[in-house]
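Engineer: Prediction below, plus the sequence it came from.
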Amino acid sequence: MNSFEEVFNNVINYCRDVGDIGETALKLWIKTITPIALEGTTAVFQVDSDFQRGVIMSNYAKLIKNGFK
C-alpha cells in the first residue's frame, strides 16, 4: 500500500498533467504543501502561511481534490 506522501506525489503529477499547471506555479504552490494525515476521506495538509493557504484554496483546491479520485 502507498503511503500518504506517495499518494500526494501522484496528486502533484495529476495537477501538472491534467491541470496544466506550469512548473513555476507547481513549485511555488503545490509542491510546498506538506501532507500530514489521511483521516477517513479527509486529507490534512500543512502550509507555511495563511496567504499560501488562501491562494491554494482559491486556485487549486478543486484540482487537488480531483487528483485524489
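Structural biologist: Here it is on my side, so go on.
Engineer: which residues of this protein fall in strands?
Structural biologist: In the chain, strands defined by DSSP state E lie at 34-39, 42-46, listed in chain order.
Engineer: CSV please, covering the ones you listed and showing mean neighbour count and distance to residue 53.
Structural biologist: C-betas here are computed from N, CA, C, even on glycine. Formatted as CSV, these follow (neighbours: other C-beta atoms under 10 Å; distance: least, C-beta to C-beta, whole Å):
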stretch, mean neighbour count, distance to residue 53
strand 34-39, 12, 12
strand 42-46, 12, 9
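Engineer: ranking the ones you listed by mean pLDDT, which is last?
Structural biologist: Within the strands of the chain, confidence is poorest for strand 34-39, with a mean of 89 (mean pLDDT).
Engineer: elements contacting the biggest helix by length in the chain?
Structural biologist: Criterion DSSP state H: the longest helix present in the chain is helix 4-17. Here helix 4-17 is seen to pack against strand 34-39, helix 61-67 when contacts are counted using 3 or more C-beta pairs under 8 Å, 6 or more residues apart in numbering; DSSP states H and E.
Engineer: Turn these into a markdown table, columns for distance to residue 24.
Structural biologist: Formatted as a markdown table, the helices and strands packed on helix 4-17 follow (distance: least, C-beta to C-beta, whole Å):
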| stretch | distance to residue 24 |
| --- | --- |
| strand 34-39 | 20 |
| helix 61-67 | 16 |
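Engineer: where does the chain have low pLDDT?
Structural biologist: For the chain, the stretches flagged by pLDDT under 70 are 1-2.
Engineer: still on that earlier bit, with distance to residue 20 added, can I get the strands of the chain in a markdown table?
Structural biologist: Formatted as a markdown table, these follow (distance: least, C-beta to C-beta, whole Å):
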| stretch | distance to residue 20 |
| --- | --- |
| strand 34-39 | 22 |
| strand 42-46 | 22 |
